[in-house]
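Trainee: Dropping a prediction and its sequence here:
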Amino acid sequence: PNHVNGWRKIKVTGDRARITGQDDPGGPVWSIKGLATDSTIALLVEPGSVQPPAGTTMESVDDVIVPVFRGDIVADGIKWPDGNKWQRR
């Protein structure tokens with residue numbers, strides 16, 4: 001993982017998700033909206049919030065085209081298109 005001392009928490013309600021995390025101990029806690037399917041989690045990259053990671057695509061969400069970073073749910077976590085993986089703990 002890119003932030004080995006950080007954490008991520010994902011709450012899914014229907015097809016929507018809220019991802020909360022901290023990259024480093026003592027660092028700021030952040031939160032981002034997302035989408036969920038049975039096989040993927042997608043982060044909705046809010047314009048101006050962060051540089052969209054490699055593998056970000058433009059998708060229609062609620063009839064608006066937005067940058068989306070979609071990862072595959074695998075047995076032990078989430079594998080992202082930039083090569084990063086969030087381990088399930």
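Mentor: On my side now, so go ahead.
Trainee: what are the ranges of the strands in the protein?
Mentor: 7-13, 16-22, 29-36, 40-44, 57-61, 64-74, 77-79, 85-87 (DSSP state E).
Trainee: Of all the ones you listed, which one is nearest residue 50?
Mentor: Counting by Cβ to Cβ, residue 50 lies closest to strand 29-36 out of the strands of the chain; the figure is 8.6 Å. Every residue, glycine included, has its C-beta placed from N, CA and C.
Trainee: what are the pairing partners of the closest one, and which direction each?
Mentor: Its sheet considered, strand 29-36 pairs with strand 16-22 (antiparallel), strand 40-44 (antiparallel) by DSSP bridges.
Trainee: Count the residues that sit near residue 15.
Mentor: Here the count is done by other Cβ atoms under 10 Å, and residue 15 has 10 residues near it.
Trainee: Could you do the one 3 residues further on as well?
Mentor: Here the number of neighbours of residue 18 (other Cβ under 10 Å) works out to 14.
Trainee: ok, it - contacts?
Mentor: Shown in contact with residue 18 (Cβ atoms under 8 Å, 6 or more residues apart in numbering): 10-11, 31-34.
Trainee: so where is the protein shaky, pLDDT-wise?
Mentor: 1 (pLDDT under 70).
Trainee: let's see it at 80
Mentor: 1-2, 47-52 (pLDDT under 80).
Trainee: could the strands of the chain be laid out in JSON lines, adding distance to residue 51?
Mentor: Output for those, formatted as JSON lines (distance: least, Cβ to Cβ, whole Å):
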{"stretch": "strand 7-13", "distance to residue 51": "19"}
{"stretch": "strand 16-22", "distance to residue 51": "16"}
{"stretch": "strand 29-36", "distance to residue 51": "14"}
{"stretch": "strand 40-44", "distance to residue 51": "13"}
{"stretch": "strand 57-61", "distance to residue 51": "15"}
{"stretch": "strand 64-74", "distance to residue 51": "10"}
{"stretch": "strand 77-79", "distance to residue 51": "20"}
{"stretch": "strand 85-87", "distance to residue 51": "19"}
